[in-house]
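>>> Sequence and computational prediction follow.
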Amino acid sequence: MKIIAIIPARMGSSRFPGKPLAPILGRPMIEHVYHRTALCKALSEVYVATCDTVIFEAVESFGGRAMMTAPTHERASDRVAEAAADLDADVIVMVQGDEPMTYPEMIAESLVPFLKGDEEVACVNLTARITSPEEFRDPNTIKVVMDASGHALYMSREPIPTLHLQDFERIPAFKQVCIIPFTNIALQEFIRLEPTPLEIAESIDMMRFIEHGRKVKMIETSFSTHAVDNPADLKLVETLLREDPLMQSYHH
């Protein structure tokens, strides 16, 4: 089975323009994501998919591989699907470019159903427990509720399930962690499906699959990471990465 990771990245983020090239410990964020992803032994190749030549050139300059995609994509999944269309791969892992604390073991965790040969699984998302009410209320954290089999029922930027009836400690509060493997067939289907009302309302890619009745399998990760949504997150991630043992493997 051939598995390729694709990291979508663009300069024009509405919340944090230029985010992929924001420096963390002297290296652009996208470089951290790339090197940490490439440490996963299950992957044959890693690419960055971008519509910005400045990102393309930055990736090439640190020895990575990049692909140019159309500037019109609204969703990261659409960008990844365009990049994957010409690749000979069975599974494509989308790794978000704003997750500089990605661990290669997280990618391995997300691939378990595919490697076990579970043909029912077309798309997997990692999930992790939300540990604070502040994170639960943060619209940058994508909350997910699941059925008894671990498939996503709904994803929202709002706090779900409701806090009106129970204390935070008593509800199953989970977030999406943006490591998302698809079969290449499912990914190409994703771009043929019409964007859906809830996908647009929530600005969450996975809602397109869920609204069209496709299953999204959620797997809980044992790793704790911190995405970079705004400049304040950069400082926190710098502090966390300074002590990170993985850094030694690529920070020469």
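Arrived safely.

>>> any idea where the strands of the stretch 101-250 of the chain begin and end?
Applying DSSP state E, counting those that start in this stretch to the stretch 101-250 of the chain gives strands spanning 124-129, 143-146, 152-156, 174-177, 179-183, 217-220.

>>> Can you say which of those strands is packed in most?
For the strands of the stretch 101-250 of the chain, the largest average neighbour count (mean count of other Cβ atoms under 10 Å) is found in strand 179-183, namely a mean of 24. Just so you know, the C-beta spots here come from the backbone N, C-alpha and C atoms, and that holds for glycine as well.

>>> residues touching Asp229, list them.
When contacts are counted by Cβ atoms under 8 Å, 6 or more residues apart in numbering, Asp229 touches 15-16, 98, 140.

>>> if you set the cut-off to 6 Å instead, what comes out?
Listed by Cβ atoms under 6 Å, 6 or more residues apart in numbering, the contact set of Asp229 reads Asn140.

>>> and Asn140, how far is that from His226?
Asn140 sits 11 Å away from His226, going by Cβ to Cβ, to the nearest Å.

>>> Using TSV, please lay out the strands of the stretch 101-250 of the chain together with distance to Thr37 and mean pLDDT.
Listed next are these as TSV, based on distance: least, Cβ to Cβ, whole Å; pLDDT from 0 to 100:
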stretch	distance to Thr37	mean pLDDT
strand 124-129	13	96
strand 143-146	22	98
strand 152-156	23	98
strand 174-177	14	95
strand 179-183	9	95
strand 217-220	17	97
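
>>> need those strands in a markdown table with distance to Cys40, can you?
Shown next, in a markdown table, are the strands of the stretch 101-250 of the chain (distance: least, Cβ to Cβ, whole Å):
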| stretch | distance to Cys40 |
| --- | --- |
| strand 124-129 | 13 |
| strand 143-146 | 23 |
| strand 152-156 | 23 |
| strand 174-177 | 15 |
| strand 179-183 | 10 |
| strand 217-220 | 15 |
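
>>> can you tell which of those is closest to Met206?
strand 152-156 (5.6 Å; Cβ to Cβ).

>>> Tell me how far Glu220 lies from Phe174.
8 Å.

>>> Then Val121?
Val121 is 18 Å from Phe174, by Cβ to Cβ.

>>> and if you look at Val144?
5 Å.

>>> shared neighbours of the two, anything?
Thr127.

>>> quick one: low-confidence parts of the chain?
Low-confidence segments of the chain (pLDDT under 70): 251-252.

>>> shared neighbours, Glu220 and Phe174?
With Cβ under 6 Å, 6+ apart, Glu220 and Phe174 have common neighbours Thr127.

>>> following the helix or strand containing Val33, which helix or strand shows up next?
If you go by DSSP states H and E, Val33 is part of helix 29-38. Toward the C-terminus, helix 29-38 is succeeded by strand 45-50 as the next helix or strand (DSSP H and E).

>>> between that next one and helix 29-38, how big is the angle?
With axes from the mean of the first three to the mean of the last three Cα atoms, to 10 degrees defining the directions, strand 45-50 sits at 150 degrees from helix 29-38.

>>> Off-centre distance for strand 45-50?
13 Å (Cα atoms, centre = their mean, to the nearest Å).

>>> Buried by neighbour count: which residues of that strand qualify?
For strand 45-50, the neighbour count (16 or more other Cβ atoms under 10 Å) marks 46-50 as buried.

>>> likewise stretch 67-77?
Here stretch 67-77 shows 67, 69, 73, 75-77 as buried, counting by 16+ other Cβ under 10 Å.

>>> In strands, which of those residues fall?
Among these, the residues falling in strands (DSSP state E) are Met67.

>>> Find the pair from the buried residues of stretch 67-77 with maximum spatial separation.
Farthest-apart pair in those is Met67 and Arg75; separation 16.7 Å (Cβ to Cβ).
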